[in-house]
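Visitor: sequence-free structure coming up:
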């Protein structure tokens, strides 16, 4: 853990008093011993509270719906995985042999979970105020330049509004394929609008539908 501890001090300016918490936060469930699932659960709640407070203060005129979209944008797996990649957390995650061989250190959901687990571990080690500081350090300037909520409509909502405004038929989503083990499934979803069809893939049905909707919007915008 010495290497991970040095990394954490350099990247987020934090040193654990209880280094066992750091080890647990960086241990994937594929490895033996205590893993980071419980810490990820706790870190998720701490992160939601911190981000909710920040955007509440920064967007005094935003309504509940706008605040919720902003929070979702900041705490979704893709955003957390991007932060985790930039911080280099993947190099320090402890895997079982199988997950290590399949490149788990690059998987979006694993990176996001490890970062949330780290936030949960800091909360247990030093309390809420310190966890808030570490979260702010991790996000950096992203918390100073928040996008407008109107720009954060998810692709499915944006596609539906696009079609309704033009009195076109609403999209139909269909499951085309599901592959992989129960905890690492990949979903393939098709999106059909009239005679056009797009497909999307993701680790959940929702993610696959969003990708399919995003691609359909691009097709409609380009006239293809």
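Guide: On my side now, so go ahead. Just so you know, these numbers come straight off a predicted model, no measurement behind them.

Visitor: spatially central residue for this structure, please.
Guide: Nearest to the mean C-alpha position of the chain, by Cα atoms, centre = their mean, lies residue 77 at 1.1 Å.

Visitor: not counting sequence-adjacent ones, nearest residue to that one?
Guide: Leaving aside its sequence neighbours, residue 77 sits nearest to residue 112 (Cβ to Cβ, 6 or more residues apart in numbering; 4.2 Å). The C-beta positions use only the backbone N, C-alpha and C, and glycine is treated the same way.

Visitor: same deal with residue 18?
Guide: Nearest residue to residue 18, sequence neighbours excluded (Cβ to Cβ, 6+ apart): residue 125, at 5.5 Å.

Visitor: neighbours of the one you found, how many?
Guide: 19 (other Cβ atoms under 10 Å).

Visitor: who's in contact with it?
Guide: Residues in contact with residue 125, defined by Cβ atoms under 8 Å, 6 or more residues apart in numbering, are 16, 17, 18, 21.

Visitor: tell me the one of those nearest residue 64?
Guide: Proximity of the contacts of residue 125 to residue 64 (Cβ to Cβ) peaks at residue 21, which lies at 34.3 Å.

Visitor: which helices and strands sit right next to the helix or strand where that closest one lies?
Guide: Residue 21 is part of helix 19-25, with elements assigned from DSSP states H and E. Helix 19-25 is packed against helix 2-12, helix 37-58, helix 108-126, with contacts defined by 3 or more Cβ pairs under 8 Å, 6 or more residues apart in numbering; DSSP states H and E.

Visitor: per-residue pLDDT, the residue nearest to the centre of the chain?
Guide: Residue 77 carries a pLDDT value of 88.

Visitor: in a helix, residue 30, correct?
Guide: No. Residue 30 is assigned coil when assessed by DSSP: H, G, I helix; E, B strand; the rest coil, not a helix.

Visitor: so it makes contact with residue 105?
Guide: No. If you go by Cβ atoms under 8 Å, residue 30 and residue 105 don't touch, sitting 11.5 Å apart.

Visitor: what is in contact with the two at once?
Guide: residue 95.

Visitor: so the residue located most distally from the centre of the chain, which of the three states?
Guide: In the chain, the greatest distance from the average C-alpha position (Cα atoms, centre = their mean) is reached by residue 167, at 33.9 Å. Assigned by three-state DSSP, the conformation of residue 167 is coil.

Visitor: next: residue 170.
Guide: Counting by three-state DSSP, the backbone at residue 170 sits in coil.
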